[in-house]
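Enquirer: Build me a model from this:
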Amino acid sequence: MNYTVYTVQSLLAGLFAFPACATGVFECEPTDRASWLTEAQVSEKLVNEGWQVRRMKEDGGCWEVYGTTPEGQRVEVYVHPVSGEVMLINQRGTILYRKES
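Expert: Numbering: from 1, shown residues only. Presented below is the predicted three-dimensional model:
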């Protein structure tokens, strides 16, 4: 019985140990935050290119966008925060596109 309590406590501690960490799928090079495009600017750029944007957040120094490609695929996209360029397209753990360095 005590083992069950300790196991639950350990699992909960593990869940909350690193909540602020990036997912690690992709990271953009460090840039000055003042030069970043806003969420609205990135969203507008993608929509003008035919994307649908569901939600967006900052992750790994990039804008991480959840949405649909112009071809209709539901994806996770990493966008460069200054240029607005698509850096990586990921679909359920499969990388569909990665910009070459």
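
Enquirer: what's the neighbour count on residue 56?
Expert: Using other C-beta atoms under 10 Å, residue 56 has 18 neighbouring residues. Placement of C-beta: from N, CA and C, glycine included.

Enquirer: who touches it in this structure?
Expert: Applying C-beta atoms under 8 Å, 6 or more residues apart in numbering, we find residue 56 in contact with 39, 42-43, 63-66.

Enquirer: can you do 10 Å?
Expert: Residues in contact with residue 56 (C-beta atoms under 10 Å, 6 or more residues apart in numbering) are 39-40, 42-43, 46, 63-67, 77, 79.

Enquirer: One more: residue 35?
Expert: Going by C-beta under 10 Å, 6+ apart, residue 35 touches 81-83.

Enquirer: ok, now residue 28?
Expert: Per C-beta under 10 Å, 6+ apart, neighbours of residue 28: 59-63, 78-83, 85, 87-88.

Enquirer: Reduced to three states, what does it come out as?
Expert: What DSSP: H, G, I helix; E, B strand; the rest coil gives for residue 28 is coil.

Enquirer: what about it, distance to residue 88?
Expert: Plainly put, residue 28 is 10 Å away from residue 88 if you go by C-beta to C-beta, to the nearest Å.

Enquirer: what are the bridge partners for residue 65, then?
Expert: Taking DSSP bridges, one finds residue 56, residue 77 as the beta-bridge partners of residue 65.

Enquirer: My guess is it contacts residue 37. True?
Expert: No. Look at residue 65 against residue 37 with C-beta atoms under 10 Å: they stay out of range, at 11.7 Å.
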